[in-house]
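Asks: coords please:
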Amino acid sequence: MSASMLSYILFSCLLLSVQAEYCGVREIIRYTERLLADSSVSCPCRQTAVSSCSCLPIPEHGHELACFVNGTKLLLENNKSSNPVITRLYWTFQALLDRNFCKRLAHGDQCQYETKGNVTEFLKTILTTYQEINK
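Replies: Model prediction:
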């Protein structure tokens, strides 16, 4: 085996190990903080409300990514003006779930939750989850 082939194999393994731990932490924290500062994405959570935007899933441990995908999808569907930050968050969560990149978050395909919260509570859950990963 040549030295160049060996270095190529080592580099490929390094890339795969880095990719397997990619959680999008900085990007997700930045986008979530931007949405929290934007009051236009806020709506109240009332269990009897017709709009599914008003109550978003607050995930149980181990089901974060699936619930973040579901919640951001609901935000996209119910946000009258398309918000590129919500769109980016949704696709980032979906890619992380599909590709199983972030080993630090357990990967349950189904969103399981006991409570729902308003948009601010949902976004704060995302922020808290990713700040924990960032430690």
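Asks: spatially central residue for this protein, please.
Replies: The centre of the chain sits closest to residue 93, judged by Cα atoms, centre = their mean, with a distance of 3.9 Å.
Asks: for the one helix or strand that one maps to, which helices and strands make contact with it?
Replies: Following DSSP states H and E, one finds residue 93 within helix 84-99. Applying 3 or more Cβ pairs under 8 Å, 6 or more residues apart in numbering; DSSP states H and E, one finds that helix 84-99 makes contact with helix 25-37, helix 64-78. (C-beta placed from N, C-alpha, C; glycine too.)
Asks: return the set of buried residues in that helix.
Replies: 85, 86, 88, 89, 90, 92, 93, 96, 97 (16 or more other Cβ atoms under 10 Å).
Asks: could you check how far that helix is from the centre of its chain?
Replies: Put simply, helix 84-99 sits 6 Å off its chain's centre (Cα atoms, centre = their mean, to the nearest Å).
Asks: per-residue confidence averaged over it?
Replies: Averaging pLDDT along helix 84-99 yields 92.
Asks: next, the angle from it to helix 64-78.
Replies: Here helix 84-99 runs at an angle of 140 degrees relative to helix 64-78 (axes from the mean of the first three to the mean of the last three Cα atoms, to 10 degrees).
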